[in-house]
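1. everything below, folded, please.
(chains A and B)
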Amino acid sequence: MKKQVYIYKSFERFWHWAQAALISLLMFTGFEIHGSYKILGFENAVNVHNWSSIALMVLIVFTIFWHFTTGEWKQYIPTLNKLVDQVKYYTYGIFHGHPHPVTKTVRKKMNPLQVITYLGLKLIFIPLMVFTGLLYMLFRFMYGGQLHSIEFFSLDSIAFWHTLGAYFLVQFVIVHVYMTTTGHTVTENIKAMITGYEEIEVEEEKKKEVVEV
Amino acid sequence: MKKNILIIVFFNFLAIVLFNVFWSDVESSKANTNLVELKQKFSKKKKKIVDHSKFEILQQDFINPTDVTTACISCHQERHHEVMESNHWNWEREEYIEGRGVTYLGKKNIINNFCIGATGNEQACAKCHIGYGYEKNEVFFATEKNVDCLACHNGVDDYIKNGGWGKPNDKVDLKLVAQSVGHTSKANCGTCHFFSGGGNNVKHGDLEVAQLDCSREVDVHMASDGIDLSCTDCHVAENHNIKGKLYSLSSENKNRATCEDCHTSIAHQNDILNSHTKKIACQTCHIPTYAKENATKMTWDWSTAGKLKDGKPYHTEDEMGNHDYLSIKGSFTWEKNVKPEYIFFNGTADHYVFGDKADTLSPIQINTLHGSYADGKIIPVKVHRAVQPYDPENKILIQPYTFNPEKGSGAYWTDFDWVEASRIGQKKLGLPFSGKVDFAKTEMYWPINHMVSPKENSMSCVECHTRASEGRLFQLAGFYMPGRDTTDWLDQAGKWLILLSILGVVTHAIIRVYFKIIN
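-> From the prediction side, this is the model:
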């Protein structure tokens, strides 16, 4: 049976939108630093980029903590189960009004394609951006009133990997934003990420029975 | 409960991060204190402690300038020996140059691409020399009373050394000048260093007569509405050995006057700016333009010299009133508010020395400033480009004999004969001459160190951090600079990735809409 269920907790929504805002800001300023356009001015772009990166790193550390304390990390265990069905759905079924192959539940909020994508984001691209970003930011750093320099990596290669990651993140954002429209209705997914409530299949009844027994 | 713990942890973490960020600012604000101390220190101007006009020995009517020196030495014992050790006196200094070994370099044997050289033309060049009756022999250099104390220590405006061979003009009242002596002033140094090359700001580009009385925007250090430093506040002298030197002559990385002598090497409150100091000299950002008040000579083409009107030499002027053609010297171009060129420099240099072989495929380098990203810092330079006489068979640059007022002497400025002037000039240097005079392109590098702008007028980030062809550092290779450099194929691939994603998403949406309509 379907019911309005509180699926995205308040921290989760705060984290999602804060991250969205910070990554947008980082993208916008990052490509100005890269030299793709001139809008804020180089100096402002660098300052905003550095500050939002610090904010994002704080958020990331806190979110990792949240994932482990709440057990939400289990949502990201990858599975091949129904992965092919999901791909088939997006390339065929969606056009013909077929139902979603995977039903959403509180304990399993994501379909297997989402799990792989977000896991890749969390384990590969975000770490890549944080790592190369920190190297970039600290390529020359002040310590004890002295100027030091990272000698192990060249700035060319740091910038290369940071830029590479940036292009993939832009691609992720484009596809991600589009995918929000593939719910039961076009705006359903976005509404859920704002209010926390989404109409999903409920399995609470069974649970209750077990408890009662 | 869990939620509260999370919030507490979150804000503690945030506090630690913020503390770290602001803590570093507290540290660097010490640099600012240093600047305040500097301003206080240098606001006390040097006063004349001793009034030389009261000394009995200076009450005489001096006939020869050498008598003044004898009088000076009678009190200031042994100071003249310090002077006689200095390169100001000797026209050369001993230096070690990689590839040449120990070399004596100076005006005696070094070439420039303005008037080319002093040899053979000493009578005129000696106007700036700190000796009386300059002749190129050991006796002159060893004679104590030839030291011209007044050149650097006179306190009057009209001590003019155009009496020939470094002697003062006959009309100069030596008694008055001798009684006026004191600390060296901007004007003392400027008499020679502002006018080197034969006119105001001709050679340096960043040293000129306007700095005697200028605004902070022109020169924040020498400004009369600012701290009003004089040359010797930075170029301090110990035993008449003056700190600081110019790489038009010098080769070694020693005894340099640097910004760090007064300012700390980490002088900014902003650590991003401080981190630039590893590879960029202060001057690079803090001197956005030079020749701010009066134009400086940028090119000199000797090959056009010798044109006459009605058999007489003539000259023309550009719109700023500077000579752009002189029959005796050729054509010039001048520029004002010039953006410097930029190079990596490690403090060592090599020079073209008379007799060095050079081919003319690319401009001959009069002085080569060494340095790369690995061992140097970016500095601003004025590059003076010239076309000057060259012996195509011996493959050497020619030092022509230029100055002699008598007609028929063979001096180019009177007789306008390149071959004869070259023959005499090369002979004086003891160098071969084939009889043929060609012209070669040459380049000379002048590091820009003065005319520092106030911080609010210093360069903004984007002047360098911008796409290659627009930026100031567009030609400096060998390092990655954000905003300027990219990996082309990555950018191309990235653009396609984004374009294809958009295309894919749009196509997907269109198909969805299409099926919705037909169903």
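
2. what strand or helix carries residue 37?
-> I'll assume chain A. For A:Tyr37, there is no helix or strand it lies in under DSSP states H and E.

3. ah, I was thinking of chain B
-> Per DSSP H and E: helix B:2-43 holds B:Glu37.

4. okay, now B:Val83: neighbour count?
-> Burial of B:Val83 is recorded as 21 neighbouring residues (other CB atoms under 10 Å in any protein chain shown). All C-beta atoms are positioned from the backbone trio N, CA, C, and that covers glycine.

5. who touches it in this structure?
-> B:Trp89, B:Ile130, B:Val147, B:Cys149, B:His240 (CB atoms under 8 Å, 6 or more residues apart in numbering or on different chains).

6. tell me how many other residues surround the third one.
-> The one in question is B:Val147. For B:Val147, using other CB under 10 Å, the count is 24.

7. residue ranges with poor pLDDT in the chain?
-> Chain wasn't specified; assuming chain A. Within chain A, the stretches with pLDDT under 70 are A:1, A:201-213.

8. that's the other chain; I wanted chain B
-> In chain B, residues with pLDDT under 70: B:1-2, B:21-33.

9. for the longest strand anywhere in it, C-alpha coordinates in PDB please.
-> Scanning chain B for the strand with the most residues, using DSSP state E, yields strand B:377-391. Extracted in PDB, the C-alpha atoms of strand B:377-391 (Å, rounded to 0.1, in the frame of the first residue of the first chain):
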ATOM      1  CA  LYS B 377      62.200  34.700  -9.200                       C
ATOM      2  CA  ILE B 378      60.100  36.600 -11.700                       C
ATOM      3  CA  ILE B 379      61.300  40.200 -12.000                       C
ATOM      4  CA  PRO B 380      60.300  43.100 -14.200                       C
ATOM      5  CA  VAL B 381      62.800  44.400 -16.700                       C
ATOM      6  CA  LYS B 382      63.100  47.200 -19.200                       C
ATOM      7  CA  VAL B 383      64.400  45.700 -22.400                       C
ATOM      8  CA  HIS B 384      66.300  48.200 -24.500                       C
ATOM      9  CA  ARG B 385      66.500  47.200 -28.100                       C
ATOM     10  CA  ALA B 386      69.100  48.600 -30.500                       C
ATOM     11  CA  VAL B 387      70.700  48.400 -33.900                       C
ATOM     12  CA  GLN B 388      74.400  49.000 -33.600                       C
ATOM     13  CA  PRO B 389      77.700  48.800 -35.600                       C
ATOM     14  CA  TYR B 390      79.000  45.200 -36.100                       C
ATOM     15  CA  ASP B 391      82.000  43.900 -37.900                       C
END
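
10. and after that strand, which helix or strand comes next?
-> Trace forward from strand B:377-391 with DSSP H and E and the next one is strand B:396-397.

11. check the offset of that next one from the chain's centre.
-> 25 Å (CA atoms, centre = their mean, to the nearest Å).

12. may I have the strands that pair with it, each with its orientation?
-> strand B:377-391 (antiparallel) (DSSP bridges).

13. what ranges do the helices span in the stretch 1-150 of chain B?
-> B:2-43, B:65-75, B:79-85, B:87-90, B:122-125, B:138-142, B:149-153 (DSSP state H, counting those that start in this stretch).

14. buried set for the fifth one?
-> In terms of neighbour count (16 or more other CB atoms under 10 Å in any protein chain shown), helix B:122-125 has its buried residues at B:Glu122, B:Ala124, B:Cys125.

15. separation between B:His218 and chain A?
-> One thing to correct before we go on: residue B:218 is Val, not His. 25 Å (CB to the nearest CB, to the nearest Å).

16. element containing the closest residue to chain A within the stretch 401-519 of chain B?
-> The minimum distance from the stretch 401-519 of chain B to chain A, using CB to the nearest CB, falls at B:Gly494 (3.5 Å). Under the criterion DSSP H and E, the helix or strand holding B:Gly494 is helix B:488-518.

17. the residue of the stretch 301-450 of chain B found nearest chain A: neighbour count?
-> Of all residues in the stretch 301-450 of chain B, B:Tyr373 sits closest to chain A, at 10.5 Å by CB to the nearest CB. Using other CB under 10 Å, B:Tyr373 has 14 other residues around it.

18. and what of the one 5 residues further on?
-> Other residues within reach of B:Ile378 by the criterion other CB under 10 Å amount to 22.

19. quick check: it touching B:Glu341?
-> No: B:Ile378 is beyond contact range of B:Glu341, at 10.7 Å (criterion: CB atoms under 8 Å).

20. now render the contacts of B:Val83 as CSV, adding distance to A:Leu123.
-> As requested, the contacts of B:Val83 are exported to CSV (distance: CB to CB, whole Å):
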residue, distance to A:Leu123
B:Trp89, 72
B:Ile130, 74
B:Val147, 78
B:Cys149, 78
B:His240, 69
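
21. can you name the two of these that sit furthest apart?
-> For these, with distances taken as CB to CB, the pair at the greatest spread is B:Trp89 and B:Cys149 (11.5 Å).

22. ok, longest helix in chain A?
-> If you go by DSSP state H, chain A has its longest helix at helix A:42-70.

23. same for that one, what does it pack against?
-> In terms of contacts (3 or more CB pairs under 8 Å, 6 or more residues apart in numbering or on different chains; DSSP states H and E), helix A:42-70 is packed against helix A:10-34, helix A:126-137, helix B:2-43.

24. a markdown table please, covering these and showing mean neighbour count.
-> Formatted as a markdown table, these follow (neighbours: other CB atoms under 10 Å in any protein chain shown):
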| stretch | mean neighbour count |
| --- | --- |
| helix A:10-34 | 17 |
| helix A:126-137 | 18 |
| helix B:2-43 | 12 |
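
25. picking that back up, which among the contacts of B:Val83 gets closest to chain A?
-> Nearest to chain A among these, with distances taken as CB to the nearest CB, is B:His240, at 35.6 Å.

26. tell me, how many residues neighbour B:Ser248?
-> Using other CB under 10 Å, the number of residues around B:Ser248 comes to 21.

27. quick one: secondary structure of it?
-> Under DSSP: H, G, I helix; E, B strand; the rest coil, B:Ser248 falls in the coil class.

28. that one and chain A, how far apart?
-> When B:Ser248 is compared with chain A (using CB to the nearest CB), they lie 31 Å apart.

29. OK, contacts around that residue?
-> B:Ile110, B:Asn112, B:Lys203, B:Asn367, B:Met444, B:Trp446.

30. residues near the last one, how many?
-> Per other CB under 10 Å, the neighbour tally for B:Trp446 reads 24.

31. looking at this, it is in a strand?
-> Yes: with three-state DSSP as the criterion, B:Trp446 is part of a strand.

32. now B:Asn322: closest residue in space that isn't a chain neighbour?
-> B:Trp334 (4.4 Å; CB to CB, 6 or more residues apart in numbering or on different chains).

33. and what of B:Gln60?
-> Nearest non-adjacent residue to B:Gln60 (CB to CB, 6+ apart): B:Lys175, at 6.9 Å.

34. other SSEs contacting the helix or strand that contains the one you found?
-> In the assignment (DSSP H and E), B:Lys175 maps to helix B:174-179. Secondary-structure packing of helix B:174-179 (3+ CB pairs under 8 Å, 6+ apart): helix B:65-75, helix B:149-153.

35. following it, which helix or strand shows up next?
-> helix B:186-193.

36. ok, residue 58 - contacts?
-> By default, I'm working from chain A. B:Phe10, B:Phe13, B:Leu14, B:Val17.

37. actually chain B
-> Residues near B:Leu58 by CB under 8 Å, 6+ apart: B:His52, B:Ala71, B:Lys175, B:Ala178, B:Gln179.

38. which one of the residues you listed is nearest to chain A?
-> For the contacts of B:Leu58, the nearest to chain A is B:His52 (46.5 Å; CB to the nearest CB).
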